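Peer 1: what follows is a predicted protein model with its sequence.
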Protein chains: 2
Amino acid sequence: MEKPVELNHSECTGILRPIRDALDVLNGKWKLPIIVALTFGEKRFSEIAREVHGITDRVLSKELQDLTMNGLVKRTVEDTFPVKVTYALTPHSKSLDEVIEALRKWGVLHREIILKGSSGE
Amino acid sequence: MEKPVELNHSECTGILRPIRDALDVLNGKWKLPIIVALTFGEKRFSEIAREVHGITDRVLSKELQDLTMNGLVKRTVEDTFPVKVTYALTPHSKSLDEVIEALRKWGVLHREIILKGSSGE
DNA sequence: AATAGCGCTATCCTTTTAGATAGCAAACCG
DNA sequence: CGGTTTGCTATCTAAAAGGATAGCGCTATT
């Protein structure tokens, strides 16, 4: 009996990490809806809050921080009025388009397959 | 004042649903590692448990059920010995390859961008 | 003066997810 | 007989995600 080959495992961990990263960036109920809201142009906090139905300020704030830290959203403060804070998608966020499109296409295909009940046979 | 235009929203909900579906299918700490384990051929429950380090039986069982329900994994029971249950990837799971590759590529790109600190500018 | 809008943050609570531990029936091994 | 392997399931707990509510400093409107 030889030792099981673990090379695979460490190799795959390396392959898995970026996939995990990507999934994490998009994960959660709200990240995509927020991104979609911003594809129609830059918006203020309360505009996003109004557009993404059901989200609370607390969660929106946190999600915007996440997206900003991930370089997908740019936060801009003008100290004119009380304050005006606008959020906009960054150029980097454009690179997500392919990923999102791949996910969408697969989601549609998957739904068909599941509904057909053919379970991949 | 007019009612805010909600057409966008419902349209986008429709677009978002398959994306959500796809993300859900891959989500969680263990789905990808399990899929990877099975790419090297069909395996028994305890083999997967051994290969996917850190997972508990309870969680593995649930994840395999999820994957099976989603038609990505096929469960086969032979009632020979105590019982022999094998799990294997289905043809449908192959269709995930493009998605996974898109995620992986983006994950790598994303890591570069974040490390450069250029935050998408 | 009272109210409402702005962009948050703080506190609390519920739901979801996952880890830890144990057990079970059947059957083989010694 | 006692112990082990197999493929789970049950119960309990911990941690994470997300919702509800409230409040803050500031100002323009009423």
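Peer 2: Structure's in. What do you need?

Peer 1: need the contact list for A:R58.
Peer 2: Contact analysis of A:R58 by Cβ atoms under 8 Å, 6 or more residues apart in numbering or on different chains lists nothing. Placement of C-beta: from N, CA and C, glycine included.

Peer 1: next one: A:R44
Peer 2: Contact analysis of A:R44 by Cβ under 8 Å, 6+ apart lists A:84-87.

Peer 1: run through the bridge partners of it.
Peer 2: In this structure, A:R44 bridges to A:T86 when assessed by DSSP bridges.

Peer 1: could you pick out the buried ones from the contacts of A:R44?
Peer 2: Buried subset of the contacts of A:R44 (neighbour count, 16 or more other Cβ atoms under 10 Å in any protein chain shown): A:86-87.

Peer 1: check the contacts of A:R44 against DNA strand C and report the nearest one.
Peer 2: Nearest to DNA strand C out of the contacts of A:R44 is A:V85 (Cβ to the nearest atom of the strand; 3.5 Å).

Peer 1: report the contact partners of the residue nearest the centre of chain A.
Peer 2: Geometric centre of chain A, nearest residue: A:L26, 2.2 Å, by Cα atoms, centre = their mean. Residues near A:L26 by Cβ under 8 Å, 6+ apart: A:32, A:96, A:99-100, A:103, B:23.

Peer 1: which members of the contacts of A:R44 are the farthest-apart pair?
Peer 2: By the measure Cβ to Cβ, the contacts of A:R44 have their two most distant members at A:K84 and A:Y87, which lie 11.2 Å apart.

Peer 1: can you tell me how far the residue nearest to the centre of chain A is from B:T76?
Peer 2: Going from A:L26 to B:T76 by Cβ to Cβ, to the nearest Å gives 33 Å.

Peer 1: again with A:L16
Peer 2: Using Cβ to Cβ, A:L16 is found at 26 Å from B:T76.

Peer 1: quick one, which of the two is more surrounded?
Peer 2: A:L16 (17 against 11; other Cβ atoms under 10 Å in any protein chain shown).

Peer 1: contact partners for the nearest residue to that one once chain neighbours are set aside?
Peer 2: Nearest non-adjacent residue to A:L16, counting by Cβ to Cβ, 6 or more residues apart in numbering or on different chains: B:L32, 5.7 Å away. In this structure, B:L32 makes contact with A:16, A:19-20, B:26, B:100, judged by Cβ under 8 Å, 6+ apart.

Peer 1: name the residues of the helix or strand where B:L32 lies that are buried.
Peer 2: In this structure, B:L32 sits in helix B:31-39 according to DSSP states H and E. Neighbour-count burial for helix B:31-39, counted by 16+ other Cβ under 10 Å, picks out B:31-38.

Peer 1: possible to save the residues you listed as TSV with pLDDT?
Peer 2: Below are the buried residues of helix B:31-39 laid out as TSV (pLDDT from 0 to 100):
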residue	pLDDT
B:K31	96
B:L32	96
B:P33	95
B:I34	96
B:I35	96
B:V36	94
B:A37	94
B:L38	96
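
Peer 1: closest one of those to A:M69?
Peer 2: Of all those, B:L32 has the smallest distance to A:M69: 23.3 Å, by Cβ to Cβ.

Peer 1: for chain A, what spans make up the strands?
Peer 2: With DSSP state E, the ranges of strands along chain A come out as A:43-44, A:73-78, A:84-89.

Peer 1: pipe those into CSV and attach mean pLDDT per row.
Peer 2: Converted to CSV, those look like this (pLDDT from 0 to 100):
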stretch, mean pLDDT
strand A:43-44, 96
strand A:73-78, 94
strand A:84-89, 96
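
Peer 1: need the ones you listed in CSV with distance to DNA strand D, can you?
Peer 2: Compiled in CSV, the strands of chain A are given as follows (distance: least, Cβ to the nearest atom of the strand, whole Å):
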stretch, distance to DNA strand D
strand A:43-44, 13
strand A:73-78, 12
strand A:84-89, 11
